[in-house]
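Trainee: fold the following and give me the result.
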Amino acid sequence: MSVSGKKALVTGGGSGVGAVIARALAEAGAEVIICGRRQGPLDQVAEGHAGISAMTADITVEAEVKALFAAAGPLDIVIANAGASESAPFAATTLESFNAMVAVNLTGTFLTMREGLTAMKGREGRLIAIASTAGLKGYAYVAPYAAAKHGVVGMVKSVALEYARKGITVNAICPGFLDTEMTERSIARIVETTGRSAEEARAALEATNPMKRLVPPEDVAGAVLWLCSDQAAMVTGQAISISGGEA
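Mentor: Numbering: from 1, shown residues only. Model prediction:
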C-alpha cells in the first residue's frame, strides 16, 4: 500500500501538525479530506492543493462525526489528529476541565477511529492516532491531558489486535513538544502563570527533549507516510515516540 491514489481523512487538519500531515499526504498522491470546527483555517490549508478538500465537524459530537464520515465515503487512511491541551495544578483542576480534555483527546479519537474503521470495511487500511509522549509518561500540570493520551495508546493497542487479520493496521505516533501553534499557546500560558519570558519558557520545553529542540511537525508527517507504506505492513499496535530520545 502506498498513498498514491488512496483516500485519506485527517482530523484537526486546519493547523499545526494536522495541516502538515494533510499536505504531505496530498503531495504523495492521496486525495485528502481535512476537518475541524472552523471553516476558515481549513480553507487556508486546502488553498492551492487540488488534492485537499475541507469539511467542518466537532469530533466530540457523535452525530457530527457520523455525518463527516458518511459524507467522506470509503477511506483507506484515517488520521485521528485533533486534540487540545490545558495546564493547571492537579488540585486546582476542575471536573469541567478534566472532562473537556478527555472529550477532545480521547472520546474524539474513539469516535474518529470507530467511524474510520467502518469507512475502511472491506479495504486494506491505515488508522493512525496522533497521541503524545504524554501518553507514554507523565508531565506535571497536565494530568487530564496525559490521562487522555494514555487512553489513546491503550485503545490503539487493543483495536490493533482486533484488526490484525483484516488488512488494517492501527498505530499511535507520540511526538514530544512540537514546533507548532499548540506549543506556542503552552509557552504563552507559562509566561502568564510564571512570569518567565517567552524565551525562558521555550527553553524549558526544549529541555525536555534530549536533542534540546522542539519536534518538527514534518518528522511526524514522515512517520505517517512510512506507516502508510508497504514497508510498514507488519507494524501495528505500536506507539512510536518522535521525541529526540525523550521516551
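Trainee: which other helices and strands contact the helix or strand bottoming out on mean pLDDT in the chain?
Mentor: In the chain, the helix or strand scored least confidently by mean pLDDT, DSSP states H and E is helix 181-194, which has a mean of 75. Using 3 or more CB pairs under 8 Å, 6 or more residues apart in numbering; DSSP states H and E, the elements in contact with helix 181-194 are helix 198-206. For the C-beta atoms, the positions are set from N, CA and C on the backbone; glycine is no exception.
Trainee: could you check the angle helix 181-194 makes with the helix it packs on?
Mentor: Between the axes of helix 198-206 and helix 181-194, defined by axes from the mean of the first three to the mean of the last three CA atoms, to 10 degrees, the angle is 120 degrees.
Trainee: can you list the buried residues in helix 198-206?
Mentor: Neighbour-count burial for helix 198-206 flags 201-202, 205-206 (criterion: 16 or more other CB atoms under 10 Å).
Trainee: am I right that K166 falls within a helix?
Mentor: No. K166 is assigned coil when assessed by DSSP: H, G, I helix; E, B strand; the rest coil, not a helix.
Trainee: that one: neighbour count?
Mentor: Other residues lying near K166 total 14 when counted by other CB atoms under 10 Å.
Trainee: with I79 instead?
Mentor: Residues near I79, counting by other CB under 10 Å: 31.
Trainee: name the element it belongs to?
Mentor: Secondary structure from DSSP states H and E places I79 in strand 77-80.
Trainee: if we go by neighbour counts, what in the following helix or strand past that strand is buried?
Mentor: Downstream of strand 77-80, the next assigned helix or strand under DSSP H and E is helix 95-102. Neighbour counts over helix 95-102 (16+ other CB under 10 Å) mark 98, 100-102 as buried.
Trainee: just the residues you listed now: which is nearest C174?
Mentor: Proximity of the buried residues of helix 95-102 to C174 (CB to CB) peaks at M101, which lies at 16.7 Å.
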